[in-house]
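Asker: Build me a model from this:
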Amino acid sequence: MSESASKWLNDVVAALPSERVCLGRATSAAYASDPAMLSFILARYKFTAKMLAGKGRILEIGCGDAFGSPLVAKCVAQLVATDIDRETLADNAKRLSIPNLIFHEHDFAHETMNERFDGAFAIDVLEHIYASELPTWMENICGTLTQDGVLLLGTPNATSQIYASRHSKEGHVNVHTADQLALLGRQWFRNSFLFSQHDEVVTTAFSPMAQYLWLMGVGR
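Answerer: Here you go, the predicted model:
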C-alpha cells in the first residue's frame, strides 16, 4: 500500500465514531456458534422495516436482546420493543441508546396494552405460543392496533421442521404451515398476505418449500 493510501485509510479510521455497541447474550452466542444465522435474522428485520417504513408508533412483541430492533427504529417515528424477560430488557436499555427505541416489559398472553400503534410485529415468537393461548395472544396484540394498523408475524414453516435442531424443536410448540398461517390472517384481518423466505430472500414462491413464513395482516 502506498504512503498516500495508507494515510487516507488512517484518516478514515480516525474519523469513525468512538462509540461501540455490544451484542446481547443470545446474539453473541449465535455469532460464535452459527454466524450465518445473524444474516437471516437481520434480513427478517429488514423486511419488517421496509413494510413499516414511514409509520408512526410501532410495537415489537418479543424483542429478545433486540439485535434487529434498531433497524426498524431507524425507519419509524417510535418503536416500543416489548418482552417478558425483565433482565434482558434492562440489558438492552444499557447497551442500546437510541432515542426513539423504548423497551417495555409486557406479556401479551395475559393482557393487552392501553395504547394504540400504527403497526406491530413479532419475529420468531408465534411458534413459542401454545395453541390454547393463541386466541388471547392475538386478541391482545390486535387490541393495540389502530383501525388500519398492520401486523407482521414471521415464523418457521412447519414443513421445514425436519431440518430443525433438537433445541429448536423443544421450544417450537406451535409451528404453522402456510395454510394455517393464512387462515389465522383471515380470522383476524380484513386483508392478509402471505410471503415465503429462503435464507435472506423474501418471495412469493411455493410456500411448502419455504424455510420461513410471513403473515401480513392489514385492518383489524
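
Asker: Need the three-state assignment for residue 40.
Answerer: Classification of residue 40 using DSSP: H, G, I helix; E, B strand; the rest coil returns helix.

Asker: Report the contact partners of it.
Answerer: 199, 200, 212 (Cβ atoms under 8 Å, 6 or more residues apart in numbering). To be clear about C-beta, it is placed using only N, CA and C from the backbone, and glycine gets the same treatment.

Asker: Same question for residue 51.
Answerer: 150, 152, 216.

Asker: which residues of the chain fall in strands?
Answerer: 57-61, 78-83, 101-105, 117-123, 145-156, 191-198, 201-203, 212-218 (DSSP state E).

Asker: Pull up the pairing partners for the fifth one, direction included.
Answerer: Each strand that strand 145-156 pairs with, and the sense of that pairing, follows from DSSP bridges: strand 117-123 (parallel), strand 212-218 (antiparallel).

Asker: what's the closest of the ones you listed to residue 192?
Answerer: Minimum separation from residue 192 across the strands paired with strand 145-156 (Cβ to Cβ) falls at strand 212-218, 4.7 Å.

Asker: by how many degrees do that closest one and strand 191-198 diverge?
Answerer: Orientation of strand 212-218 against strand 191-198 (axes from the mean of the first three to the mean of the last three Cα atoms, to 10 degrees) gives an angle of 160 degrees.

Asker: can you list the residues that contact strand 212-218?
Answerer: With Cβ under 8 Å, 6+ apart, strand 212-218 has contacts from 40, 44, 47, 51, 148-157, 160, 176, 178, 181-182, 184-185, 188-198, 202, 207.

Asker: Looking at the contacts of residue 51, which one is closest to residue 107?
Answerer: Nearest member of the contacts of residue 51 to residue 107, counting by Cβ to Cβ, is residue 152, at 19.8 Å.

Asker: Looking at the contacts of residue 51, spot the one nearest residue 164.
Answerer: Closest to residue 164, out of all of the contacts of residue 51 and judged by Cβ to Cβ, is residue 152, at 21.9 Å.

Asker: Having no further points to raise, I will conclude here.
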